[in-house]
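**Q** my questions concern the predicted model and sequence given below.
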Amino acid sequence: MLQRHREEDARPTEPALAAKEVKRIERLQRDAARIRGWLAKYPEDRRGVKGAIRKSNRTDNESAKMATGKGVIQGYTGVAAVDGKHQIIVEAQAHGTGSEQELLLPVVTAMQGVLADHSVISADAGYHSEDNLQKIAAMKIEALIADNGMRGRDERFATQDRHKETPDPLHDKSKARKKATSYQPSDFTYDAEARTCVCPAGKSLYGNGSHCLSNGFVSVRFRGAERDCVPCAHRDLCLRTPAKTKTRQVAFFYGKVATQPASYCNRMKQRIDSREGRALYGRRFATVEPVFGNLRHNKRLNRFTLHGRTKVDGQWKLFCLVHNIEKLAHHGYAQ
């Protein structure tokens with residue numbers, strides 16, 4: 001027995017560096033051959049909704065790269081639709097995409113059987129898009145879907161910045177805002193009634209159009225005279241390219257084009273900014289967010305543990321089912 005132990009101790013614990021290098025090269029070549037074979041067999045399997053090729057994962061090619069607070073991960077998105085009275089999950093799906101805009105219509109289509117005539121669907125800004133709103137309107141479903149600027153228009157959120165945590169300067173990766181290097185329209189003196197404009201150097205500008213259209217907005221434009229702009233001492237501050245541009249132009253916007261039909265996004269903004277729309281949409285946070293808190297914190301589903309959309313979707317539905325059973329039991333249905 002001692003002799004066998006001595007023989008084992010005399011053997012090297014790891015292979016030589018050259019042998020390890022050969023094995024690693026063989027493994028990489030074998031993996032590359034498998035990837036090339038899969039790409040040749042499924043050339044269209046990685047294309048997204050708009051036809052663009054998506055980056056895939058060889059271990060789980062149905063998953064997607066997603067940006068999270070802990071960096072970019074490979075995973076799935078779990079979506080749930082909850083009723084506003086008892087917080088029962090009426091539809092749950094898991095998809096391998098990080099875009100919530102792609103998930104609104106599949107969920108709404110799947111839950112049409114449980115919608116009543118007076119049902120209102122509410123969703124956060126991640127699901128807001130012109131295409132989604134147009135298709136929801138075609139389905140004749142009443143919905144309230146917020147846009148990214150909703151809180152900025154709501155006076156109730158005017159003081160929300162004071163409740164935000166100040167970012168750590170050592171870990172803040174956001175780029176600093178660049179200061180304007182040239183005069184902005186706010187630096188010019190514009191009289192809307194007289195339709196006159198005076199530059200920071202005190203020179204009057206000529207009118208260059210009183211009803212100019214730009215991206216659906218109406219503006220009045222002014223242009224400086226060459227006799228004033230060419231010898232002006234403010235050229236470096238007023239013009240971006242003083243060596244190429246002779247005179248300064250400035251525009252002042254005062255509204256949208258009234259003849260253009262209102263887009264679905266603009267209609268949704270008007271409705272969600274109304275008193276009734278704010279009251280209805282205000283219920284969304286207290287309806288669906290506690291459900292996700294229950295699933296993630298209480299039920300400990302802080303990550304999916306399976307591969308493949310079918311398995312992940314089943315895991316997501318299983319946890320949602322446990323949530324529903326718990327809700328039904330607490331509401332007295334078990335007695």
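**A** That came through, no problem.
**Q** going forward, measure contacts and count neighbours with C-alpha atoms only.
**A** Noted.
**Q** how about residue 77, phi and psi?
**A** With angles defined as degrees, to the nearest 10, residue 77 sits at phi -110, psi 130.
**Q** beta-bridge partners for it, please?
**A** Beta-bridge pairing of residue 77 under DSSP bridges involves residue 95.
**Q** and it, what is it in contact with?
**A** Contacts for residue 77 (Cα atoms under 8 Å, 6 or more residues apart in numbering) come out as 94, 95, 96, 97, 98.
**Q** residues touching the fourth one, list them.
**A** What that stands for is residue 97. Counting by Cα under 8 Å, 6+ apart, residue 97 touches 63, 64, 65, 66, 76, 77.
**Q** now for these: which two are most distant?
**A** Farthest apart among the contacts of residue 97 by Cα to Cα are 65 and 77. That separation is 10.5 Å.
**Q** which residues of the stretch 101-250 of the chain fall in strands?
**A** Here the stretch 101-250 of the chain has its strands, by DSSP state E, counting those that start in this stretch, at 120-123, 142-145, 189-191, 196-198, 206-207, 212-214, 217-223, 249-256.
**Q** list of residues touching the second one?
**A** When contacts are defined by Cα under 8 Å, 6+ apart, strand 142-145 is touched by residues 119-125, 127-128, 136, 268, 271-272, 277, 281.
**Q** what does the fifth one give?
**A** Outside of strand 206-207, the residues that reach it under the criterion Cα under 8 Å, 6+ apart are 195, 196, 197, 220, 221, 222, 223, 224, 225.
**Q** nearest to residue 297, of the residues you listed?
**A** Looking across the contacts of strand 206-207 and measuring by Cα to Cα, the closest to residue 297 is residue 220, at 55.3 Å.
**Q** what score does the closest residue to residue 224 other than its chain neighbours have for pLDDT?
**A** Spatial nearest neighbour of residue 224, excluding adjacent residues (Cα to Cα, 6 or more residues apart in numbering): residue 205 at 4.6 Å. Looking at residue 205, its pLDDT is 94.
**Q** about what we covered before: a markdown table for the contacts of residue 97, including distance to residue 83 and pLDDT?
**A** Formatted as a markdown table, these follow (distance: Cα to Cα, whole Å; pLDDT from 0 to 100):
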| residue | distance to residue 83 | pLDDT |
| --- | --- | --- |
| 63 | 28 | 90 |
| 64 | 29 | 87 |
| 65 | 30 | 85 |
| 66 | 28 | 86 |
| 76 | 23 | 93 |
| 77 | 20 | 94 |
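**Q** circling back to that earlier point, ok, the residue nearest to residue 224 - contacts?
**A** Residue 205 sits next to 196, 197, 198, 199, 222, 223, 224, 225 when contact means Cα under 8 Å, 6+ apart.
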